Each structure stands twice: as structure tokens, then as C-alpha cells.
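Trainee: have a look at this prediction, sequence included:
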Amino acid sequence: MRAALDGGGASPLVPSVDTPLGIVADSESVFFTNFLNGTLNRVAYDGGGAKAIEVGQINPQGIAIDDANIYWVDYATTDGVVWKAAKDGSGKIRLASQQAGPRRIAVDQVAVYWTNSGNGLVTKVAK
């Protein structure tokens, strides 16, 4: 959904998404994860349909961005993965694997942080 900052009515930005979960926005686009179909998606603020920038994930959940990259966690009970890629989906890099249920993610200038629901840890790795 999208709404005016003055509290105007909300309207769908992307209709009919199976299971949207994580969401983040920059100055040009909204990025979101689709949990059941295993995709990361990007849509412009004016709509026009979402574009999958990453497919074939198990259960993508949390998502974060910085100026150049997108970061996300792919949930699995014992073999979850933390990923990084350019905002267009190119140059994908695995930052961490064998994570115990990664769910949420955040970034700052130097590191990537995420929660692991399977072992109760908050973990970090350098960008």
C-alpha cells in the first residue's frame, strides 16, 4: 500500500502478492521479499508492476539496503543464508551460511546485522 504523507487514502502499490514479508525503500524504489515464492522484488513508486531481482530463495524474510546494495536473509532452520547484491540483483555474494533461522536484518556503514531465531543470537559480519 502507499499513502500520502499528509494521511491521504492508501492504495495498492503492488496488488496480489502471495506472501510479502520484508520491506524497505530508497529514493527511487520499494524492495520487498515474497516469502512463499522465494523472490526479492523491486517496484518504482509509481507502480507499474514488481520486478523480481532475485529468484530461487528458500524463504526470504528480512531485507535492508544501503546506498548501493541490498541485503537479505533467507530463512532455514539450520542452513539459513545472509546475502548481499547490487540493487539490480547483480553480483550476489553469500555473507554467511549455516545460520539458525535468520529473520531480520539491518546495515550500517561498516557491518551487516541479523537475528537468528533458532539459537537466539544477534550476529554481525563486515560488509
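Mentor: That came through, no problem.
Trainee: so where's the chain uncertain?
Mentor: Residues of the chain that meet the criterion pLDDT under 70 lie in 1-8.
Trainee: so where do the strands sit in it?
Mentor: 20-25, 29-34, 39-44, 47-54, 60-65, 69-74, 80-86, 93-99, 102-107, 111-116, 121-126 (DSSP state E).
Trainee: for Ser11, which of the ones you listed is the nearest?
Mentor: Taking C-beta to C-beta, strand 47-54 is the member of the strands of the chain nearest to Ser11, at 8.9 Å. (Each C-beta comes from the backbone N, C-alpha and C, glycine too.)
Trainee: check the offset of the closest one from the chain's centre.
Mentor: 13 Å (C-alpha atoms, centre = their mean, to the nearest Å).
Trainee: that one vs strand 60-65, what angle?
Mentor: Interaxial angle, strand 47-54 versus strand 60-65 (axes from the mean of the first three to the mean of the last three C-alpha atoms, to 10 degrees): 100 degrees.
Trainee: could the strands of the chain go into TSV alongside distance to Pro12?
Mentor: As requested, those are exported to TSV (distance: least, C-beta to C-beta, whole Å):
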stretch	distance to Pro12
strand 20-25	11
strand 29-34	12
strand 39-44	11
strand 47-54	8
strand 60-65	19
strand 69-74	22
strand 80-86	26
strand 93-99	33
strand 102-107	25
strand 111-116	29
strand 121-126	34
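Trainee: mean neighbour count, these: which tops it?
Mentor: By mean neighbour count, with neighbours taken as mean count of other C-beta atoms under 10 Å, strand 69-74 ranks first of the strands of the chain at a mean of 24.
Trainee: does anything pack onto that strand? Which helices or strands?
Mentor: strand 60-65, strand 80-86, strand 102-107 (3 or more C-beta pairs under 8 Å, 6 or more residues apart in numbering; DSSP states H and E).
Trainee: turn the ones you listed into a markdown table, including distance to Tyr71.
Mentor: Formatted as a markdown table, these follow (distance: least, C-beta to C-beta, whole Å):
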| stretch | distance to Tyr71 |
| --- | --- |
| strand 60-65 | 5 |
| strand 80-86 | 5 |
| strand 102-107 | 6 |
